[in-house]
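Sequence below, structure please.
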Amino acid sequence: MGVDHGVLFMKDISKTFSGVKALTNVNFDLRPGEIHALVGENGAGKSTLMKILTGVYEMDTGEIFLDGRRVQIRNVHEARSLGISIIFQELSQIPQLTVAQNIFLGKELQRAFGIVNERAMIRQTKTLLDAYQIRLNPTTPVAQLRTAERQLAEIAKALSLGSRIVIMDEPTSSLTLDEAENLFRMVKALSNQGVGIIYISHRMDEIGKLADRVTVLRDGKRVGTFEAKEISIDEIVRLMVGRDLLDVDRKQVKPQFKLPEGQPPLLDVRGLSRAGVLHDISFSLKQGEILGLAGLIGSGRSEVARALIGIDPFDTGEIRINGQVLGVSSPGAALRAGMVLVPEDRHLQGLIMRHSVEQNIVLPLIRQNSRWGIVNARACRRIALEAVQQLRIVPPDVTKIVRFLSGGNQQKVVLGKWLSGKPKILILDEPTLGVDVGSKAEIHQLIRNLTESGIGILLISSDMPEIIALSHRMLVMYDGRIQGEFLQEEVTEEKIMAKIMEKILAKGRKSLHDFGTEQNH
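Numbers count the residues shown, from 1 in each chain. Presented below is the predicted three-dimensional model:
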């Protein structure tokens, strides 16, 4: 007998890993054309539930029904054949292949004698991208795309499958505001076509904007399913974390920051330039100050951070720390001068995923804690334990392999790794990217606490409420240039976007003028 729960009904799903219950009797259903938000802190069971639905994991107990008919999903291919697609937060592309080749991977179009029809795949990919206003070239290798563009290519791949159920796991985590708005239009267009969308996001404003219903998971159990219009964001957050949580983005008032009079800058950057990338970047940072660096992805924010830390070279300019010129541009020189970078991509740039919490935290301090080539294991253990306690890393086990931690706790390990060296200047590039609301609030509070000890922080974030809530001053970047500056009491999202749009429009007018000049000649 069939079960009538819309297009999808997952009944009493349970899953255990190494004796730890990841899911306990979870029910979840999806209606045709519905946007159903699935929320919870990292480790709540969202990804496990979706991996069961897509055939990555097998459930221990439970049943899955599609259109009222019981089905078995034993692998990814069976899920796809049933019309189920997922866009993972961790992208699963082959960088050496083009956008078109990745989209048709495993289902390549062929001509006679099994020869791959590259031209047809490019043509169909262009039609798909144009239909959803995705500005990508089908022939570009994925390795040459920015993170945001790779995300869009992954979304296009899911759309190409003609799925009736599409799962989106943190789809806007690397997108600009414009790209995110474009994605929302795509999601709503799919919904209007009858496609059921399961939408996973830590960004509560997106849930309020898109969702028809919301299901909350906590500790592997379903807390409840609610009509989105009948539940507030505050209530959703409370159900997720099991307690009232101060939302630092919207409620916490940051103390007014007064620049100390007569105090020299902790960091002073003058005329930093690199051909085609950065243009005359100049700013200063004082002790205890949080200086925000806002702008769209590709505006040059991360390039500034990489140049400061010595990862990328610069052609002209000067960097001073406590009045002293930073001579040799290298990460080692920056570290010795007291400046460190917490990078945007914690998996590729911030952590060694197969190593333990302790090994990651003490990595930059091995030389200081070694004598005659022998590492002082006791000192390293003490440093790691202090970081775990200070940052409230869960579980509080320094021997735990980092890849088994939640995203929020992995980010805390990256912070612990660099804070253990007691830096003077901390550069944070997207410090809460892909972490849950509980960890996000803790990281925000940690950032504020660090300034009290005199650390100067350069904060790069695409999360507008975050950067506005935390920054004492803010610089706005576009096209590799600093385009404006705001003090904390005057900055708003509207003012930031107006400054960016002013430059975009000015650049567009110049391009049109140049085009007209060429035509006249």
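
Tell me how far Ala79 lies from His347.
Distance, Ala79 to His347, using C-beta to C-beta, to the nearest Å: 25 Å. Yep, even glycine has a C-beta here, placed from its N, CA and C like the rest.

With neighbour numbers in mind, choose between the two.
Ala79 (24 against 16; other C-beta atoms under 10 Å).

downstream neighbour of the helix or strand Ser191 falls within in the secondary structure list?
For Ser191, the enclosing helix or strand under DSSP states H and E is helix 177-192. Note on helix 177-192: by DSSP H and E, the next helix or strand toward the C-terminus is strand 196-200.

now the angle from that next one to helix 177-192?
140 degrees (axes from the mean of the first three to the mean of the last three C-alpha atoms, to 10 degrees).

contacts for strand 196-200?
By C-beta atoms under 8 Å, 6 or more residues apart in numbering, the residues outside strand 196-200 that reach it are 6-8, 30-39, 46-47, 50, 89, 164-171, 187, 190-191, 206-207, 210-211.

quick one: buried residues of whichever helix or strand comes after it?
Proceeding N to C from strand 196-200, the next assigned helix or strand is helix 204-210, under DSSP H and E. Applying a neighbour-count criterion of 16 or more other C-beta atoms under 10 Å, the buried positions in helix 204-210 are Met204, Glu206, Ile207, Gly208, Leu210.

Quick one: residues contacting the last one.
Going back to what we said before, that points to Leu210. So Leu210 contacts Ile35, Ala37, Phe184, Val187, Lys188, Tyr199 (C-beta under 8 Å, 6+ apart).

same thing but 6 Å
Ile35 (C-beta atoms under 6 Å, 6 or more residues apart in numbering).

Model confidence for it, exactly?
Predicted confidence (pLDDT) at Leu210: the value is 92.

hang on, the earlier thing: in strands, which of the contacts of strand 196-200 appear?
Leu8, Leu30, Ile35, His36, Ala37, Leu38, Val39, Ile165, Val166, Ile167, Met168, Asp169 (DSSP state E).

need the residues you listed in JSON lines with pLDDT and neighbour count, can you?
As requested, these are arranged in JSON lines below (pLDDT from 0 to 100; neighbours: other C-beta atoms under 10 Å):
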{"residue": "Leu8", "pLDDT": "95", "neighbour count": "24"}
{"residue": "Leu30", "pLDDT": "96", "neighbour count": "25"}
{"residue": "Ile35", "pLDDT": "96", "neighbour count": "25"}
{"residue": "His36", "pLDDT": "97", "neighbour count": "23"}
{"residue": "Ala37", "pLDDT": "95", "neighbour count": "25"}
{"residue": "Leu38", "pLDDT": "95", "neighbour count": "28"}
{"residue": "Val39", "pLDDT": "90", "neighbour count": "25"}
{"residue": "Ile165", "pLDDT": "93", "neighbour count": "21"}
{"residue": "Val166", "pLDDT": "91", "neighbour count": "24"}
{"residue": "Ile167", "pLDDT": "92", "neighbour count": "28"}
{"residue": "Met168", "pLDDT": "89", "neighbour count": "28"}
{"residue": "Asp169", "pLDDT": "84", "neighbour count": "20"}
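
Pick the one among these closest to Thr16.
Of all the ones in strands among the contacts of strand 196-200, Leu38 has the smallest distance to Thr16: 20.3 Å, by C-beta to C-beta.

quick one: Ile457 is in a strand?
Yes - counting by DSSP: H, G, I helix; E, B strand; the rest coil, one finds Ile457 located in a strand.

burial count for it?
When neighbours are counted by other C-beta under 10 Å, Ile457 registers 23.

Beta-bridge partners for it, please?
Ile290, Leu426 (DSSP bridges).

just the strands in the stretch 301-450 of the chain please.
With DSSP state E, counting those that start in this stretch, the ranges of strands along the stretch 301-450 of the chain come out as 316-321, 324-325, 339-342, 370-371, 374-375, 425-429.

Could you dump those strands into JSON lines and include mean pLDDT, distance to Thr54 and mean neighbour count?
Compiled in JSON lines, the strands of the stretch 301-450 of the chain are given as follows (pLDDT from 0 to 100; distance: least, C-beta to C-beta, whole Å; neighbours: other C-beta atoms under 10 Å):
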{"stretch": "strand 316-321", "mean pLDDT": "92", "distance to Thr54": "47", "mean neighbour count": "17"}
{"stretch": "strand 324-325", "mean pLDDT": "88", "distance to Thr54": "54", "mean neighbour count": "10"}
{"stretch": "strand 339-342", "mean pLDDT": "91", "distance to Thr54": "32", "mean neighbour count": "24"}
{"stretch": "strand 370-371", "mean pLDDT": "84", "distance to Thr54": "46", "mean neighbour count": "10"}
{"stretch": "strand 374-375", "mean pLDDT": "85", "distance to Thr54": "43", "mean neighbour count": "11"}
{"stretch": "strand 425-429", "mean pLDDT": "93", "distance to Thr54": "31", "mean neighbour count": "24"}
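
Columns distance to Arg69 on top of the ones you listed, output as JSON lines?
What follows is the strands of the stretch 301-450 of the chain, written out as JSON lines (distance: least, C-beta to C-beta, whole Å):
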{"stretch": "strand 316-321", "distance to Arg69": "65"}
{"stretch": "strand 324-325", "distance to Arg69": "71"}
{"stretch": "strand 339-342", "distance to Arg69": "49"}
{"stretch": "strand 370-371", "distance to Arg69": "63"}
{"stretch": "strand 374-375", "distance to Arg69": "60"}
{"stretch": "strand 425-429", "distance to Arg69": "48"}
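
what does the domain assignment say about this protein?
Under the assignment automatic domain parsing, the domains of the chain span 1-83+163-242, 94-162, 265-338+423-496, 344-421.

From the ones in strands among the contacts of strand 196-200, pick the one nearest Ile468.
Val39 (23.2 Å).

What's the per-residue pLDDT of the closest residue to His355 other than its chain neighbours here?
With C-beta to C-beta, 6 or more residues apart in numbering as the criterion, His355 has its nearest non-adjacent residue at 6.3 Å, and that residue is Val402. pLDDT for Val402: 90.

Isn't Val402 up against Arg354?
No - with contact defined as C-beta atoms under 6 Å, Val402 does not reach Arg354; the gap is 7.8 Å.

Neighbour count for those two, which is higher?
Between Val402 and Arg354, counted using other C-beta under 10 Å, the more crowded position is Val402 (23 against 9).

tell me how far the ends of stretch 158-165 are from each other?
10 Å (C-alpha to C-alpha, to the nearest Å).

does Glu63 count as helix, strand or coil?
Following three-state DSSP, the label given to Glu63 is strand.

Starting from Ala22, give me the distance back to the closest residue to Pro423 other than its chain neighbours.
Once flanking residues are discounted, Pro423 sits nearest to Val340: 4.6 Å by C-beta to C-beta, 6+ apart. For Val340, the distance to Ala22 equals 35 Å [C-beta to C-beta].

for stretch 51-60, how far is the first residue from the last?
13 Å.

Pass me the low-pLDDT residue ranges in the stretch 201-350 of the chain, would you?
242-262, 297, 328 (pLDDT under 70).

what about the helices in it?
Assigned by DSSP state H, counting those that start in this stretch, the helices in the stretch 201-350 of the chain fall at 204-210, 233-241, 301-309, 331-337.

Show me the helices in the stretch 51-200 of the chain, by range?
Under DSSP H, counting those that start in this stretch, the stretch 51-200 of the chain gives helices at 76-81, 99-103, 118-131, 147-160, 177-192.

Can you give me the buried ones in the first one?
Okay, so that is helix 76-81. Quick answer for helix 76-81 (16+ other C-beta under 10 Å): Val76, Ala79, Arg80.

So the first one sits against Leu53, correct?
This points to Val76. No - assessed by C-beta under 6 Å, Val76 is found out of contact with Leu53, at 10.8 Å.

Surely Val388 touches Asp397?
No - applying C-beta under 6 Å, one finds Val388 not in contact with Asp397, separated by 8.0 Å.

what's the distance between Arg69 and Asn25?
From Arg69 to Asn25 the distance is 22 Å (C-beta to C-beta).
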